[in-house]
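S.K.: Sequence first, predicted coordinates after that:
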Amino acid sequence: MSLLHALVARDDTILAECDKSSGQYSNACQAILSKIPPNDSKLTYAADQILIHYQKKDNVTALVVAEDTAGRRVPFSFLAELHRKFTASFNANEIADSVAYGLNSFEKEIAALMRQYEENPPQDAIKAAQAELAATKDVMVKSIDAVLSRGERIEILVDRTDEMSHQARAFRKRATVVRRKMWFKNVKVLFAVGFSAVLLVYLLSASVCGVGLSHCRS
């Protein structure tokens, strides 16, 4: 189970962020933030083999991107704790007046919390999240296509395609190196076989005709 990307935002302004995915999900997160309604809400978006969960409360949104194997209890428990720690660290005025990434000093707290919930998540918090999810009927799971426009979806897919293209180029490069090594190896084998055959013929001839093959010529 892995938490890949987590952030805290005010509306669609990211205030603090911890990204373990090298920016792979940045566009998707930004697009989802822009679509979140003004009221308090929780939601999960499914995209490929990852789930994007968010919790908005008191105009502060906590969002996490996780592998689908993480389920929903652990990510929502993580979001509740992330929201609690963030609002305890900064007062309402600091949150309201901050510019984008203006509170990114909180990144270390996000990273530490991500590690905790990956390695040893608190069971009491998970049980509380499970009970809350069971009692909350409006916490739905939607496809990411439901929130993204065609252009946004294409933009995200382009980012993913670029990454796959880089991986494909790296694979082709490695394959070319392997082919060259195999070619040189085959050439060496053929040379060794040819040399051995010539040497064998010479030795057989030398045993009959002498070392200089003079007897056969005469």
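M.R.: The structure has been received and is ready for your questions.

S.K.: so what pLDDT did Val198 get?
M.R.: Note for Val198: predicted pLDDT of 79.

S.K.: just Leu213 next, same as before
M.R.: pLDDT at Leu213 comes out at 60.

S.K.: Likewise for Ser34?
M.R.: So, for Ser34, pLDDT stands at 87.

S.K.: repeat for Phe195
M.R.: Residue-level pLDDT assigned to Phe195 equals 82.

S.K.: From Lys188, how far off is it?
M.R.: Note on Phe195: its distance to Lys188, by C-beta to C-beta, to the nearest Å, is 10 Å. C-beta coordinates here come from the backbone N, C-alpha and C atoms, glycine included.

S.K.: Equivalent analysis for Lys42, please.
M.R.: Taken as C-beta to C-beta, the span from Lys42 to Lys188 is 64 Å.

S.K.: who has more neighbours, these two?
M.R.: More neighbours surround Lys42 than the other of Lys42 and Lys188, with 20 against 10 (other C-beta atoms under 10 Å).

S.K.: And whichever strand or helix holds that one, what's buried?
M.R.: Taking DSSP states H and E as the criterion, Lys42 maps to strand 41-47. Across strand 41-47, burial judged by 16 or more other C-beta atoms under 10 Å covers Ser41, Lys42, Leu43, Thr44, Tyr45, Ala47.

S.K.: my guess is the fourth one meets Leu63, correct?
M.R.: No - in this structure, Thr44 is not within contact of Leu63 by C-beta atoms under 8 Å, at 10.7 Å.

S.K.: Need the residues touching each of the two.
M.R.: Listed as contacting both Thr44 and Leu63 by C-beta atoms under 8 Å, 6 or more residues apart in numbering are Ile52, His53.

S.K.: Identify the structural domains in this protein and state their residue ranges.
M.R.: Split into domains by automatic domain parsing, the chain comes to 3-148, 173-216.

S.K.: how about the helices in the chain?
M.R.: Here the chain has its helices, by DSSP state H, at 26-35, 73-89, 92-97, 107-119, 123-135, 150-209, 214-217.

S.K.: Any stretches of this structure with poor pLDDT?
M.R.: 1, 123-172, 206, 208, 210-218 (pLDDT under 70).

S.K.: Could you report the distance from Asn104 to Ala66?
M.R.: Distance of Asn104 to Ala66, given as C-beta to C-beta: 21 Å.

S.K.: Look at the two and report which has more neighbours.
M.R.: Ala66 (25 against 17).
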